[in-house]
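Participant: could you look at this predicted model? Sequence included:
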Amino acid sequence: MAGKITHVEVLTQVKKKLEHGTSEQKKIAEFLYRASNRKYGYVGTIAPDIFYYYHFLSREKNEISQIWGDLHHHKNVTQLVLNFLDIILDSEETVYRDKLIAFTLGYICHCVVDVITHPYIFYISGDYYNKDPKISLEAQQNHMKVEFALDSYLLDNRWGMSPKEYDFTHYIDIVSRGRDGRLKMDPIIWLFWQQALKLTFPEEFQKYYLGSEKKIIPMDIINDSYIGYLRFQNLLDSRSDLIRGILKFFDTITLNMLRSSVLLMPFKENIDPRVMNLEEKEWYFPADVSQKRNCSFITLVNNAANTAKDVITTAWDYLKNNVKRETILNEYGGYNLDTGLRYQSIHDMKEFAPL
């Protein structure tokens, strides 16, 4: 996963690019800027990642949510987006439909950012999916450290902001309290998302979906993951000196075995400058060493914004019946969000150079 702030900020950049595009792209920008749609676009930008890390107190929930996180990233990525779009096409044109569109456009932005930035992030952080738990754990910790460092760097580069200023969760909060007193995400998005998962992954849905198809119940995998993600982000708020102090204390008394401080964005002066690749050193796609680049992180982010603008425009045209499903599948089918390549799985990832 690219960092959460990178995902949010790329959509912000895409909207700016759309503002300066064609007349139709200007309409997309206006649509995404609209107050009633704004948060739904940003929720889409983090949607595939909510299933990771946020059930660490429950092994069973963690295993199930991991399955769904991997499905979102590794299997039928384009088909899921098309199923989102097809459900929208079958919906009445209401304010609720607009929420679904905004969510889907944000979701597309997430996919593009992952495809373009993930090969670099995996290359410099290590073998995330290695079967040796010691190797994979170190790579996973490095992955988080790299993502948070890149997030912090992007904030400074774009806005001159530090981690102590940035309020992340206000972008993605679509929570209300139900009559039963439980916190729930907007049920319009919950039902929409669930329907698309059932269409895209029918076998996995029957086997692994926790919850009801009629309403949000306790333990529902989508709602539970979203609420858990939101709570996790609120708890580990990079703006909090108290949380920084607590995590530093844990690391001190455990001789840094927990490495819990990687859960927060570092300050600019504590970032290893190599992660940004400002010198544009050559690096390789872990799943295909014949694919090599020398892009800096900022160049990758800008490339992602340019590509996301184009793909979002294509999706908008699809909703107007100006693009065929087969055309989109031919152009974008088979992408894996971790390898950044078409029809190549995480098992092909062999080349790494951890910093």
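Facilitator: Perfect, thanks for sending it.
Participant: just the mean pLDDT for the helix or strand harbouring residue 137, thanks.
Facilitator: Assigned by DSSP states H and E, residue 137 belongs to helix 133-159. The predicted model assigns helix 133-159 a mean pLDDT of 90.
Participant: likewise for stretch 291-306?
Facilitator: Rounded mean pLDDT across stretch 291-306 is 96.
Participant: in it, what's buried?
Facilitator: 291, 293, 295-305 (16 or more other CB atoms under 10 Å). No exception for glycine: its C-beta is placed from N, CA and C like everyone else's.
Participant: with just CA atoms, put it into PDB.
Facilitator: Coordinates of each C-alpha in stretch 291-306 appear next as PDB, following Å, rounded to 0.1, in the frame of the first residue of the first chain:
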ATOM      1  CA  GLN A 291      11.200  -3.300 -15.900                       C
ATOM      2  CA  LYS A 292      13.500  -0.700 -14.500                       C
ATOM      3  CA  ARG A 293      13.000   3.000 -13.700                       C
ATOM      4  CA  ASN A 294      14.900   5.900 -12.200                       C
ATOM      5  CA  CYS A 295      11.900   8.000 -11.100                       C
ATOM      6  CA  SER A 296      11.900   9.800  -7.800                       C
ATOM      7  CA  PHE A 297       9.000   9.400  -5.400                       C
ATOM      8  CA  ILE A 298       7.600  12.800  -6.400                       C
ATOM      9  CA  THR A 299       7.800  11.900 -10.100                       C
ATOM     10  CA  LEU A 300       5.900   8.700  -9.400                       C
ATOM     11  CA  VAL A 301       3.200  10.700  -7.500                       C
ATOM     12  CA  ASN A 302       2.900  13.100 -10.400                       C
ATOM     13  CA  ASN A 303       2.700  10.300 -12.900                       C
ATOM     14  CA  ALA A 304       0.000   8.600 -10.800                       C
ATOM     15  CA  ALA A 305      -2.100  11.800 -10.700                       C
ATOM     16  CA  ASN A 306      -1.800  12.200 -14.500                       C
END
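Participant: contact partners of it?
Facilitator: Contact with stretch 291-306 is made by 6, 9-10, 13-14, 17, 112-113, 115-117, 119-120, 150, 153-154, 157, 275-278, 280-285, 341, as judged by CB atoms under 8 Å, 6 or more residues apart in numbering.
Participant: among those, which are in helices?
Facilitator: Using DSSP state H, the subset of the contacts of stretch 291-306 located in helices is 6, 9-10, 13-14, 17, 112-113, 115-117, 119-120, 150, 153-154, 157.
Participant: now the helices: where do they sit in the stretch 51-200 of the chain?
Facilitator: 59-74, 77-89, 95-125, 133-159, 187-200 (DSSP state H, counting those that start in this stretch).
Participant: and the buried residues of stretch 291-306, which is closest to residue 216?
Facilitator: Minimum distance to residue 216 across those is 32.5 Å, recorded for residue 304 (CB to CB).
Participant: weed out the non-buried ones from the contacts of stretch 291-306.
Facilitator: Of those, these count as buried by 16+ other CB under 10 Å: 6, 9-10, 13-14, 17, 112-113, 115-117, 119-120, 150, 153-154, 157, 275-277, 283-285, 341.
Participant: circling back: using a markdown table, lay out the buried residues of stretch 291-306 together with distance to residue 182 and secondary structure.
Facilitator: Listed next are those as a markdown table, based on distance: CB to CB, whole Å; DSSP: H, G, I helix; E, B strand; the rest coil:
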| residue | distance to residue 182 | secondary structure |
| --- | --- | --- |
| 291 | 46 | strand |
| 293 | 46 | strand |
| 295 | 45 | coil |
| 296 | 45 | coil |
| 297 | 40 | helix |
| 298 | 42 | helix |
| 299 | 44 | helix |
| 300 | 40 | helix |
| 301 | 37 | helix |
| 302 | 41 | helix |
| 303 | 41 | helix |
| 304 | 36 | helix |
| 305 | 37 | helix |
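Participant: list just the nearest of those residues to residue 270.
Facilitator: Nearest member of the buried residues of stretch 291-306 to residue 270, counting by CB to CB, is residue 297, at 16.6 Å.
Participant: out of everything not next to it in sequence, what's closest to that closest one?
Facilitator: Ranked by CB to CB, 6 or more residues apart in numbering and with sequence neighbours excluded, the top spatial neighbour of residue 297 is residue 276, at 4.8 Å.
Participant: do you know how far that neighbour is from residue 112?
Facilitator: Distance of residue 276 to residue 112, computed by CB to CB, to the nearest Å: 20 Å.
Participant: for the residue lying closest to residue 25 once chain neighbours are set aside, what are its contacts?
Facilitator: Spatially, and ignoring its direct neighbours in sequence, residue 25 is nearest to residue 18 (4.5 Å; CB to CB, 6+ apart). The contact partners of residue 18, taken as CB under 8 Å, 6+ apart, are 25-26, 28-29, 32, 309, 312-313.
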